[in-house]
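# Sequence first, then the predicted structure, then my questions.
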Protein chains: 4
Amino acid sequence: METIRIGDFSFQLDLTKPLYEQVLQQIRYSVARGEVALGTKLPSVRELAQNLKINPNTVMRAYQELDRDHLIETRRGQGTFITDNLKIVEQIRQNLAYEAARSFITAMKELGMDVHTAKSLIEEGDWT
Amino acid sequence: METIRIGDFSFQLDLTKPLYEQVLQQIRYSVARGEVALGTKLPSVRELAQNLKINPNTVMRAYQELDRDHLIETRRGQGTFITDNLKIVEQIRQNLAYEAARSFITAMKELGMDVHTAKSLIEEGDWT
Amino acid sequence: METIRIGDFSFQLDLTKPLYEQVLQQIRYSVARGEVALGTKLPSVRELAQNLKINPNTVMRAYQELDRDHLIETRRGQGTFITDNLKIVEQIRQNLAYEAARSFITAMKELGMDVHTAKSLIEEGDWT
Amino acid sequence: METIRIGDFSFQLDLTKPLYEQVLQQIRYSVARGEVALGTKLPSVRELAQNLKINPNTVMRAYQELDRDHLIETRRGQGTFITDNLKIVEQIRQNLAYEAARSFITAMKELGMDVHTAKSLIEEGDWT
DNA sequence: GTGGTCTAGACCACA
DNA sequence: GTGGTCTAGACCACT
């Protein structure tokens, strides 16, 4: 799978899965990971679409959803920017981590395994 | 969300998500959890459909996917049965657990957190 | 898969495939292979059904189809017998072999492989 | 039996056999035979259905099974494409050929004929 | 009675 | 426009 870099962002798209969701997630994770400075200007919808060779509507949809979560801000005539509110970023980072953990634990419980077993699985696995 | 019991199985359907997938998963987990004896006859397609108030085709699709994974066996004119092969069941159980762990770790890494942090999250969380 | 012997015949049933067809084929092949003497009496419908733990209707259907091919003969009040006509048996044996070869060659051609390649495949394979 | 061509594909349907299986097989063989370039877009579900005068659901089922084998890739909103992975195609071609040979040999053995006889049958037959 | 295939047609998600 | 899910209901194959 090809990696495309644009500004501080990098994208890897799997064409068989919803594109707008991948774009959205990869921006979300880039910011949460701290790779992108707060307040940074995002590439324009048209520019990103061109680079990723996807439809501008798809990029727009991704931006809209991020805007709704206040992770990015659209300023008319200026472009789209990462929020400069550190709290929001931290909040999102925590939520994503918590959600991932919670769904792991849920799956384990559905298999009749307890939290202890879950921990062992994480410890013993080779996650390179 | 209403729980429906039928034979050794219980089902909870969320009408906003693909029904056949939920049926499929819930059978898969029931067997993996060891709640259902190997070789057991599943409810007939029509019977389960009626109980869950969904279309028989939807149930059939769930059964067919499980059949392809060899977790169940369908015998025309007789019905559908859980495999009596313990190995297959164990294999599936391991795979489900491993997949859950792997996707948790992947998400953590994408947030810039390491396996150690992942473990702490599991330890400290309140997963009741 | 369990093998069941009854008289000169032996059966192996896979419950997930049409039973009447398996019974039919296995009788057909037993005779073609020359394992069963011409004129031999077949087990009664009821007896065979009992031994194979399947429905008598299923055995009956197999017998009826074999009767139509004149491989067996039903004599009222006496039972069912393998034909004593060697020609019919030879004919069926040849047909079965020819059919198998023809469908193999057809598949090969559909893959864009010629008869020569087909022969090589047979020669080189490990068919133990 | 009427042959219907559409794009690089051609279809012949026998209405007495499962349609989705025939569609599936004919696509599979077209690709294995190398008649269709890797990465090619398949006709859309609706388009193929219309041309073959069958129901879109029937076409979809064929596509879904091929997708599971990774011979094709479906991209929501974009269409369905032949895989661009040559390895998968070669693998499938080999498997199909091997399976055909294996089932031929099995049939011969069940008739009490050996591999040598099988080879002779292939050599002597008139397979035009 | 069991499962399997097919149709017609609705409604949704994605690009 | 694309594919994906679901329904209702017909008809068939097998036990």
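Cool, got the structure. This is a predicted model, so every value here is computed, not measured.
# Report the residue spans of chain A with pLDDT below the cut-off.
Scanning chain A for pLDDT under 70 picks out nothing.
# in it, what residue is nearest DNA strand F?
Closest residue of chain A to DNA strand F, CB to the nearest atom of the strand: A:Thr16 (8.6 Å). Every residue, glycine included, has its C-beta placed from N, CA and C.
# shouldn't that residue be in contact with D:Gln78?
No - using CB atoms under 8 Å, A:Thr16 is not in contact with D:Gln78; the gap is 9.4 Å.
# A:Leu86 is in contact with A:Gly39, isn't it?
No - contact between A:Leu86 and A:Gly39 fails when scored by CB under 8 Å: they sit 10.4 Å apart.
# Tell me how chain A divides into domains.
A:3-84, A:87-124 (automatic domain parsing).
# what's near enough to touch the residue of chain A closest to DNA strand F?
Shown in contact with A:Thr16 (CB atoms under 8 Å, 6 or more residues apart in numbering or on different chains): D:73-75.
# which of these are buried?
Buried by 16 or more other CB atoms under 10 Å in any protein chain shown: D:73-74, out of those.
# CSV for the contacts of A:Thr16, including distance to C:Thr106?
Listed next are the contacts of A:Thr16 as CSV, based on distance: CB to CB, whole Å:
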residue, distance to C:Thr106
D:Glu73, 29
D:Thr74, 30
D:Arg75, 34
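# Closest to chain B out of the contacts of A:Thr16?
Comparing the contacts of A:Thr16 against chain B with CB to the nearest CB places D:Thr74 closest, at 15.5 Å.
# now the closest one: how far from C:Pro43?
52 Å (CB to CB, to the nearest Å).
# now do A:Gln25
66 Å.
# Ok, A:Gly125 next?
Using CB to CB, we find A:Gly125 at a distance of 57 Å from C:Pro43.
# Over to A:Leu13?
For A:Leu13 relative to C:Pro43 (CB to CB), the value is 65 Å.
# Likewise for A:Ile4?
71 Å.
# Look at those two and report which has more neighbours.
It is C:Pro43, of A:Ile4 and C:Pro43, that has more neighbours when counted by other CB atoms under 10 Å in any protein chain shown, with 18 against 13.
# Contact partners for the more buried one?
Contacts of C:Pro43 (CB under 8 Å, 6+ apart): C:6-7, C:9, C:51.
# how does it look with 7 Å?
When contacts are counted by CB atoms under 7 Å, 6 or more residues apart in numbering or on different chains, C:Pro43 touches C:6-7.
# Is it within a helix or a strand, and which one?
Under the criterion DSSP states H and E, no helix or strand holds C:Pro43.
# Backbone torsions only: list them for A:Gln12.
phi -130, psi 110 (degrees, to the nearest 10).
# ok so A:His48 is a helix residue?
I think there's a mix-up here, since residue A:48 is Leu and not His. Yes - the assignment for A:Leu48 (DSSP: H, G, I helix; E, B strand; the rest coil) places it in a helix.
# Tell me how far it lies from A:Asn55.
11 Å.
# Neighbour count: those two, which is higher?
Higher neighbour count among A:Leu48 and A:Asn55: A:Leu48, with 25 against 14, using other CB under 10 Å.
# burial of the closest residue in space to that one that isn't next to it in sequence, as a residue count?
Take A:Leu48 and drop its neighbours on the chain: the residue closest to it by CB to CB, 6 or more residues apart in numbering or on different chains is A:Val59, 5.0 Å away. Residues lying near A:Val59 (other CB under 10 Å) number 25.
# so where does A:Val59 fall, helix or strand?
Using DSSP H and E, the element containing A:Val59 is helix A:56-68.
# okay, that helix in CSV with CA atoms only?
This file holds the C-alpha atoms of helix A:56-68, laid out as CSV (Å, rounded to 0.1, in the frame of the first residue of the first chain):
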residue,chain,number,x,y,z
PRO,A,56,-13.1,16.3,-3.5
ASN,A,57,-16.5,15.4,-2.1
THR,A,58,-14.8,12.6,-0.2
VAL,A,59,-12.3,14.9,1.3
MET,A,60,-15.0,17.4,2.1
ARG,A,61,-16.9,14.8,4.0
ALA,A,62,-13.9,13.9,6.1
TYR,A,63,-13.2,17.6,6.9
GLN,A,64,-16.9,18.2,7.8
GLU,A,65,-16.9,15.4,10.3
LEU,A,66,-13.6,16.6,11.9
ASP,A,67,-15.1,20.0,12.1
ARG,A,68,-18.1,18.7,14.0
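# That helix: which residues count as buried?
So, applying 16+ other CB under 10 Å, buried residues of helix A:56-68: A:58-63, A:65-66.
# so what strands line up beside the next helix or strand after it?
From helix A:56-68 onward toward the C-terminus, using DSSP H and E, the following helix or strand is strand A:72-75. Using DSSP bridges, the strands paired with strand A:72-75 in its sheet are strand A:79-82 (antiparallel).
# Identify the residues contacting the strand it pairs with?
Applying CB under 7 Å, 6+ apart, the external contacts of strand A:79-82 come out as A:31, A:36, A:38-42, A:44, A:63, A:72-75.
# Just the helices from chain A, written as ranges.
Secondary structure of chain A, counting by DSSP state H: helices at A:19-32, A:45-52, A:56-68, A:86-110, A:115-124.
# Excluding chain neighbours, give the residue nearest to the residue sitting furthest away from the middle of chain A in space.
In chain A, counting by CA atoms, centre = their mean, A:Gly112 sits farthest out from the average C-alpha position, at 30.9 Å. Once flanking residues are discounted, A:Gly112 sits nearest to B:Arg33: 4.2 Å by CB to CB, 6+ apart.
# Report how many residues lie close to the residue in chain A positioned nearest to DNA strand E.
Scanning chain A for the residue nearest DNA strand E gives A:Leu19, at 3.1 Å (criterion: CB to the nearest atom of the strand). Using other CB under 10 Å, the number of residues around A:Leu19 comes to 23.
# Next up, the contacts around the residue nearest to it when sequence neighbours are not counted.
Spatial nearest neighbour of A:Leu19, chain neighbours left out: A:Thr58 (4.9 Å); criterion: CB to CB, 6+ apart. A:Thr58 is in contact with A:19-20, A:23, counting by CB under 7 Å, 6+ apart.
# Mind putting these into a markdown table with distance to A:Gln91?
As requested, these are exported to a markdown table (distance: CB to CB, whole Å):
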| residue | distance to A:Gln91 |
| --- | --- |
| A:Leu19 | 26 |
| A:Tyr20 | 23 |
| A:Val23 | 21 |
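# tell me which of these is nearest to C:Gln91?
Distance to C:Gln91 across these (CB to CB) is lowest for A:Leu19, with 62.3 Å.
# distance of that closest one from D:Thr40?
In this view, A:Leu19 and D:Thr40 are 21 Å apart by CB to CB.
# just A:Pro18 next, same as before
23 Å.
# returning to that earlier point: right, and the residue farthest from the centre of chain A touches B:Val36 too?
No - counting by CB atoms under 7 Å, A:Gly112 does not reach B:Val36; the two are 12.0 Å apart.
# Look at A:Asn95 and say how many residues are nearby.
Using other CB under 10 Å, A:Asn95 has 12 other residues around it.
# do the same with the one 10 residues further on
Counted with other CB under 10 Å, the neighbours of A:Ile105 add up to 20.
# so what's it up against?
Going by CB under 7 Å, 6+ apart, the list of residues near A:Ile105 reads A:115, A:118, B:127.
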